[in-house]
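Chemist: Give me coordinates for this.
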Amino acid sequence: MTQFKTVVDRRISLRKYGDAPVSDEAIEQCLEAARLAPSACNAQPWYYVVVRDPGQREKLARLCVPPGGVMNGFVRQAPVLVALIAERPNIASQIGSALKNKPFFLIDIGISAEHFCLQAAELGLGTCMIGWFQEGKVRQLLQIPRGRRPVLLITLGYPAEGTLEEVSQQRRRNRKPLSEISASEVYGGDSLE
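Modeler: Numbers count the residues shown, from 1 in each chain. You can find the predicted model right below:
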């Protein structure tokens, strides 16, 4: 079993995918990790749609690229696209969200999506979460019913060159030092005053 820190270090937003197919077993492991994610009031407000059919995948990928733009063009390379649909949370979660003015269901979906991506990284698969896409057209393409919302897409596949571990080691990730993102006892960040 891989050490957790190794998996976290390996998990990057991969934007260059090879043609190697992703096995049903690997996809199922990622979905199982996502299923086990915690959620507010155990609402589990997510539903995953796995898209592997080349025609359907191409249609979905086109909906991620803004007209005349090149952003997200890499989505077409990924052998698997996964749409994450926001389901209606249970009543306890809805009440909590309203009382605290926090969209608990979006927090829950983010946790579940990262579980999916971390499991993929452990298996040597790359992922990238995509939030920029034509939501209405994705809803229509995937036949998502009213009252449900596609909130995230995840690309899934093996790197175009080398292993995920090699690619992640070559890529320099610019992260703030701990001193800029944490403090003990009271807020220590920059003041807006």
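Chemist: Can I get stretch 34-41 in PDB, CA atoms only?
Modeler: C-alpha atoms of stretch 34-41 as PDB (Å, rounded to 0.1, in the frame of the first residue of the first chain):
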ATOM      1  CA  ALA A  34     -15.700   8.700  -3.900                       C
ATOM      2  CA  ARG A  35     -18.600   6.800  -2.500                       C
ATOM      3  CA  LEU A  36     -17.000   6.400   0.900                       C
ATOM      4  CA  ALA A  37     -16.400  10.200   1.300                       C
ATOM      5  CA  PRO A  38     -18.000  11.800   4.300                       C
ATOM      6  CA  SER A  39     -20.800  14.400   3.800                       C
ATOM      7  CA  ALA A  40     -22.800  16.700   6.000                       C
ATOM      8  CA  CYS A  41     -25.700  14.800   7.600                       C
END
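Chemist: contacting residues around that stretch?
Modeler: Contact with stretch 34-41 is made by 44-46, 48, 89-90, 92-93, 96-97, 104-105, 107-108, 111-116, 119, as judged by Cβ atoms under 8 Å, 6 or more residues apart in numbering. Heads up, the C-betas are built off the backbone N, CA and C, glycines and all.
Chemist: what about residue 129, helix or strand, and which?
Modeler: Using DSSP states H and E, residue 129 sits within strand 126-130.
Chemist: ah, wrong one, I meant residue 153
Modeler: strand 149-157.
Chemist: Could you name the helices and strands sitting against that strand?
Modeler: Judged by 3 or more Cβ pairs under 8 Å, 6 or more residues apart in numbering; DSSP states H and E, the packing partners of strand 149-157 are strand 80-86, helix 104-122, strand 126-130, helix 135-141.
Chemist: To residue 185, which of those lies closest?
Modeler: Between residue 185 and these, the shortest separation by Cβ to Cβ is 24.3 Å, and it involves helix 104-122.
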